[in-house]
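Colleague: build me a model:
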Amino acid sequence: MDQAAPADTARKNDGTWMIAVGAIVASVGAYGFQVVGGRSLGADGFAPVATVWTIGFLVYTIVMLPVEQMTTRTVTLRAGSALEPDTRRQIAVALTSGGLIGVVIAAVGTDRFFDGSAVFILAMALLMLSRALMTIARGVMAGRRRFRAYGVTMMLEAVALVTLGVIFAVADASAFWFGASLGAAPLTLLLVRPYLVRTDPERTPADVPVATGLLQLLVVAAALSQLILAGGPLVVNLVGGTPAEVSIYFITFTLLRGPITASYGLATRFLAAMATALSDNKPELLHTWATRLAGIGAAAAIVSGALSYYLLPTIIEILYGSEFRPSALVGGLGGAGAVAALAVVFVTQILIARGRTRDLAIGWLIAAIAATGVLAVSGAEPLTRVAYAFAAGEVTAFAAISLIAFRSG
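Modeller: Numbering: from 1, shown residues only. Model prediction:
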């Protein structure tokens, strides 16, 4: 499956479909784990697990995912060749720093987030280690066009997560074990030999080390984007929400965010395609996709907002129980914002391929200002207040970044 093949055959049968299947399985797995954990622990008991998930997701998407994206871009342009030693050092520093940040946040917030239970620091450390391994492995696999293996890692993680969740639910285990499951499941990626070398014999490697400036600006953009996308449970806590409200927000928006999280694999595949288009001197393809994504994203966000307003509260009540049911307004705001965020994920890859991380950071800065402004002036109760800020930030980001990508020559 992973042996080198002629370029034309390899590109027609490169396993992209496996990433799509992996994305579906990953989404179902995340939902399944939350259903099992939420019903086993209840709204208050699930709050520490939600916090571990949120902190881990923030660190992964702010620091580690940009490393994966830049690794994919670099390995793609180098036709699958190994990364330079200096590039590997930069990656190691970034991943180590991100992991330490996650552990420190858990340690400092032990009293506030985990009711003084320091054992959750261990759960966070395991999660940071496994996510770091996943980051570099997936970046290398995508750059070497090992998309089948990439998709398999997504499926293995999902299956392992649900399996562990069921085991701990049956054993009536504490919240710590559900939190530890989040870090244990990604380690299954080691089963696919992620660092197997595969080069493209039809392409000449380019000298494109990961530029520190590009990576730093991408991390800034990711930080701003993920504070809006995934920081909601922490913000609900900080603005006076109860543990139950933290769990309700987490369950609601993680359900909505599931397709976004699962799409990161497809987005990585899209980034590889955009980088290849630039390498093949076909920049017009990037402009075409920017236009398509802007139109499709705008229409889909409107439809999703309306459907989520009427249907999402009932869906959540059926899946998780009445204590997790959000208001219709929270559902509608979340639905519109989540689809806008999904569209932005793919528009972002166009700017990354072009190396336009500075413009990407500017777009997310504008969105963060919009979200913060709404959060400051809203007089709603904590849950709705944060939902307003989320929707404002994501819609603003979609508009600003789509315009930047469309105007990129």
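Colleague: in the stretch 301-409 of the chain, which spans are strands?
Modeller: Along the stretch 301-409 of the chain, counting by DSSP state E, counting those that start in this stretch, no stretch forms strands.
Colleague: show me where the stretch 301-409 of the chain dips below the pLDDT cut-off.
Modeller: Within the stretch 301-409 of the chain, the segments meeting pLDDT under 70 span 408-409.
Colleague: and the helices in it?
Modeller: 328-354, 357-377, 382-407 (DSSP state H, counting those that start in this stretch).
Colleague: do the same with the stretch 151-300 of the chain
Modeller: In the stretch 151-300 of the chain, the helices defined using DSSP H, counting those that start in this stretch lie at 175-184, 212-229, 232-238, 243-279, 284-320.
Colleague: stretch 66-84 - what's its average pLDDT?
Modeller: Averaged over stretch 66-84, pLDDT sits at 75.
Colleague: hmm, back to that, want to throw the helices of the stretch 301-409 of the chain into JSON lines with distance to V108 and mean neighbour count?
Modeller: Any C-beta I mention is one placed from the backbone N, CA and C, and that applies to glycine too. Below are the helices of the stretch 301-409 of the chain laid out as JSON lines (distance: least, C-beta to C-beta, whole Å; neighbours: other C-beta atoms under 10 Å):
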{"stretch": "helix 328-354", "distance to V108": "28", "mean neighbour count": "25"}
{"stretch": "helix 357-377", "distance to V108": "23", "mean neighbour count": "19"}
{"stretch": "helix 382-407", "distance to V108": "22", "mean neighbour count": "23"}
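Colleague: mean pLDDT lowest where, among the helices of the stretch 151-300 of the chain?
Modeller: helix 212-229 (a mean of 80).
Colleague: with only the CA atoms kept, save that helix in CSV.
Modeller: What follows is helix 212-229, C-alpha atoms only, in CSV (Å, rounded to 0.1, in the frame of the first residue of the first chain):
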residue,chain,number,x,y,z
THR,A,212,10.3,30.5,11.7
GLY,A,213,8.3,33.6,10.9
LEU,A,214,5.7,31.8,8.9
LEU,A,215,5.2,29.3,11.7
GLN,A,216,5.0,31.9,14.4
LEU,A,217,2.4,33.9,12.6
LEU,A,218,0.4,30.8,11.9
VAL,A,219,0.5,30.0,15.6
VAL,A,220,-0.8,33.5,16.4
ALA,A,221,-3.6,33.1,13.9
ALA,A,222,-4.4,29.6,15.3
ALA,A,223,-4.4,31.0,18.9
LEU,A,224,-7.0,33.7,18.0
SER,A,225,-9.1,31.3,16.0
GLN,A,226,-9.2,28.5,18.6
LEU,A,227,-9.9,30.9,21.5
ILE,A,228,-13.1,31.7,19.6
LEU,A,229,-13.8,28.2,18.4
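Colleague: what about F147, distance to A221?
Modeller: Between F147 and A221 the computed distance is 25 Å (C-beta to C-beta, to the nearest Å).
Colleague: ranges for the helices of the stretch 1-150 of the chain?
Modeller: Remark: helices assigned in the stretch 1-150 of the chain by DSSP H, counting those that start in this stretch are 7-12, 16-59, 65-77, 85-108, 110-114, 119-143, 147-170.
Colleague: of all these, which one comes closest to G393?
Modeller: When the helices of the stretch 1-150 of the chain are compared by C-beta to C-beta, helix 16-59 sits nearest G393, at 14.6 Å.
Colleague: centre-most residue in the chain?
Modeller: Nearest residue to the geometric centre of the chain (C-alpha atoms, centre = their mean): T261, 4.2 Å.
Colleague: I'd assumed S27 was in contact with it.
Modeller: Yes. T261 lies in contact with S27 (C-beta atoms under 8 Å); the separation is 7.5 Å.
Colleague: deepest of the helices of the stretch 1-150 of the chain, which one?
Modeller: The highest mean neighbour count among those, using mean count of other C-beta atoms under 10 Å, belongs to helix 65-77: a mean of 26.
Colleague: show me what that one is packed against.
Modeller: Contact here means 3 or more C-beta pairs under 8 Å, 6 or more residues apart in numbering; DSSP states H and E; on that basis helix 65-77 packs against helix 85-108, helix 119-143, helix 212-229, helix 243-279, helix 328-354.
Colleague: so what touches it?
Modeller: With contacts defined as C-beta atoms under 8 Å, 6 or more residues apart in numbering, helix 65-77 is touched by 81, 83, 87, 91, 94-95, 135-136, 138-140, 142-144, 205-206, 208-210, 214-215, 218-219, 221-222, 264, 268, 271-272, 275-276, 279, 349, 352-353.
Colleague: so how far is that helix from its chain's centroid?
Modeller: 15 Å (C-alpha atoms, centre = their mean, to the nearest Å).
Colleague: repeat for stretch 156-167
Modeller: 19 Å.
Colleague: dump it to PDB, keeping only the CA atoms.
Modeller: Written as PDB, here are the backbone C-alpha positions of stretch 156-167 (Å, rounded to 0.1, in the frame of the first residue of the first chain):
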ATOM      1  CA  LEU A 156      -8.000   3.800  15.100                       C
ATOM      2  CA  GLU A 157      -8.200   6.700  17.500                       C
ATOM      3  CA  ALA A 158     -12.000   6.900  17.400                       C
ATOM      4  CA  VAL A 159     -12.400   3.200  17.900                       C
ATOM      5  CA  ALA A 160     -10.000   3.200  20.800                       C
ATOM      6  CA  LEU A 161     -11.600   6.200  22.400                       C
ATOM      7  CA  VAL A 162     -15.100   4.800  22.400                       C
ATOM      8  CA  THR A 163     -13.900   1.400  23.500                       C
ATOM      9  CA  LEU A 164     -12.100   2.900  26.500                       C
ATOM     10  CA  GLY A 165     -15.200   5.000  27.300                       C
ATOM     11  CA  VAL A 166     -17.500   2.000  27.300                       C
ATOM     12  CA  ILE A 167     -15.100   0.000  29.500                       C
END
